[in-house]
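Visitor: Fold the following for me, if possible:
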Amino acid sequence: MDRWERLDEAIDRIETVLVVIFLSAMMILAFLQIFLRNLFTTGLAWGDVLLRNLVLWIGFIGATLATREGKHINIDVISRSLSPTMRTFVESGIHLFSFFICGLLTYASLKFVKNEAQMGTTTLLGIPIWILEVILPITFGLMAFRFALRSMKGISGMKIGRTLDRGGEE
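Guide: Model prediction:
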């Protein structure tokens, strides 16, 4: 396994831990908000904003995990009728195109976050809003990296995607 795949696996472990932490925090915070509202007719002023941002973060981290696993949205009607060699070629092209699009989205989201930082807008507890939005360029960058990795694997003739431990198909 080369260094890029090892890096991808390390990032995968970090993403998985973050999803577990954020999802746990969401459940605890949501329960706390409901408890405080129903019993004490109050709540945490910043709780709902934090919950919305945690949903955003979990969604984008989930998108990178889906890309890693090859479980992203995929329309493969045509590829089913192609030979294995042609299918690998087409999938590599699709991954290369996806890399390009994610690269553009990374660039656009970096500009967006930079503009937000320059405006100096703050959100819950006085945290600059750009800190909460930094997930956008990070995850688009990770998806670009993963699509590039999958494309290179396909071009070099290696199997695209991860196989199941039981020897099944992707």
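Visitor: what's the residue closest to the geometric middle of the protein?
Guide: Residue closest to the mean C-alpha point of the chain, counted by CA atoms, centre = their mean, is residue 64 at 2.8 Å.
Visitor: Look at it and give its secondary structure.
Guide: helix (DSSP: H, G, I helix; E, B strand; the rest coil).
Visitor: which residues touch it?
Guide: 11, 15, 139, 142-143, 146 (CB atoms under 8 Å, 6 or more residues apart in numbering). Heads up, the C-betas are built off the backbone N, CA and C, glycines and all.
Visitor: buried subset of these?
Guide: 11, 15, 139, 142-143, 146 (16 or more other CB atoms under 10 Å).
Visitor: Give the rounded mean pLDDT of the longest helix along the chain.
Guide: For the chain, the longest helix by residue count, based on DSSP state H, is helix 3-40. Helix 3-40 shows a mean pLDDT of 94.
Visitor: please renumber so the chain begins at 58
Guide: Right, with 58 as the first residue, what we last looked at is helix 60-97.
Visitor: just checking, what packs against it?
Guide: helix 104-126, helix 192-212 (3 or more CB pairs under 8 Å, 6 or more residues apart in numbering; DSSP states H and E).
Visitor: buried stuff in the first one?
Guide: Along helix 104-126, the positions that meet the burial threshold by neighbour count (16+ other CB under 10 Å) are 104, 107-108, 110-111, 114-115, 117-118, 120-122, 124-125.
Visitor: want to try TSV for the residues you listed, with pLDDT and distance to residue 173 as columns?
Guide: Output for the buried residues of helix 104-126, formatted as TSV (pLDDT from 0 to 100; distance: CB to CB, whole Å):
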residue	pLDDT	distance to residue 173
104	90	22
107	92	18
108	94	20
110	93	13
111	95	18
114	96	16
115	96	21
117	96	16
118	96	20
120	94	21
121	94	21
122	94	25
124	91	25
125	90	28
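Visitor: I am finished for the moment; much appreciated.
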